[in-house]
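Participant: I would like the atomic coordinates for the input below:
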Amino acid sequence: MEGKKKTDLKTIPNVGKATERDLAAMGYSCAEDLKGKRAEELYAEECALRGETLDRCQLYLLRAVEYFVNAENPDRKKCKWWLWKDEYALPAPCGAVCAECGRFPEQCGGCRTIRGRVYWLEFTGGTQCPVYECCAEQKRLRDCGGCENLPCSRFTKDPTLSDEQNEENLKKMIGRLKKR
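Facilitator: Numbers count the residues shown, from 1 in each chain. As a prediction, the model looks like this:
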């Protein structure tokens, strides 16, 4: 092993020999080198390295890597690459990111999968999230980012959270939607 630098890249969930080789070729020799890097940046670097557009599954894998290396206490159950597909990693109609939610994936399969039938409906008496219903079903939009009424009265408080938590979440969600 003389001349070879030992890495810890394969200690990251989903990083096998090929991904380790590509990350090393891109200049990343350990998990610490990846801190603060966004999956989309890594994906673009890897596509450039290989000279072709890679399957999006590699982007999903890199999103899981991004989560693992940047989370303070990553939940290993959330490190499966398929949990970082677009439908879970990109903003839902309301701007929430399913992959970031503590209920995902064990208690909730993600807004698009459950078609807006969210857990907090048991507290409100509804049958479907009003934001999801308006955006995804009535207007047939991916999210509310382009809606002139953002945020509207359909954005309701999560009854399981404090007013402060709801306000902070709403700011994050609206911020994500306005970027899109």
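Participant: helices or strands next to the worst-scoring helix or strand of the chain on mean pLDDT in the packing?
Facilitator: Ranked by mean pLDDT, DSSP states H and E, the weakest helix or strand in the chain is helix 121-124, scoring a mean of 88. Helices and strands touching helix 121-124, by 3 or more CB pairs under 8 Å, 6 or more residues apart in numbering; DSSP states H and E: there are none. For the C-beta atoms, the positions are set from N, CA and C on the backbone; glycine is no exception.
Participant: Please identify the buried residues of it?
Facilitator: When neighbours are counted by 16 or more other CB atoms under 10 Å, no buried residue of helix 121-124 is found.
Participant: try stretch 167-177
Facilitator: Buried, per 16+ other CB under 10 Å, within stretch 167-177: 169-170, 173-174, 176-177.
Participant: Tell me the first helix or strand C-terminal of the least confident helix or strand of the chain.
Facilitator: Downstream of helix 121-124, the next assigned helix or strand under DSSP states H and E is helix 130-132.
Participant: Give me the residues contacting the next helix or strand after that following helix.
Facilitator: As assigned by DSSP H and E, the chain's next helix or strand after helix 130-132 is helix 163-179. With CB atoms under 8 Å, 6 or more residues apart in numbering as the test, helix 163-179 has contacts from 91, 94-97, 143-145, 150-151, 155, 157-158, 161.
Participant: Can I get helix 163-179 as CSV, trimmed to CA atoms?
Facilitator: This file holds the C-alpha atoms of helix 163-179, laid out as CSV (Å, rounded to 0.1, in the frame of the first residue of the first chain):
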residue,chain,number,x,y,z
ASP,A,163,-46.0,29.0,16.9
GLU,A,164,-42.2,29.8,16.7
GLN,A,165,-41.5,26.5,15.0
ASN,A,166,-44.3,27.0,12.5
GLU,A,167,-43.1,30.6,11.7
GLU,A,168,-39.5,29.3,11.2
ASN,A,169,-40.7,26.5,9.0
LEU,A,170,-42.9,28.8,6.9
LYS,A,171,-40.0,31.1,6.3
LYS,A,172,-37.9,28.2,5.1
MET,A,173,-40.7,26.9,2.9
ILE,A,174,-41.5,30.2,1.3
GLY,A,175,-37.8,30.9,0.8
ARG,A,176,-37.3,27.6,-1.1
LEU,A,177,-40.4,28.3,-3.2
LYS,A,178,-39.3,31.8,-4.2
LYS,A,179,-35.9,30.5,-5.3
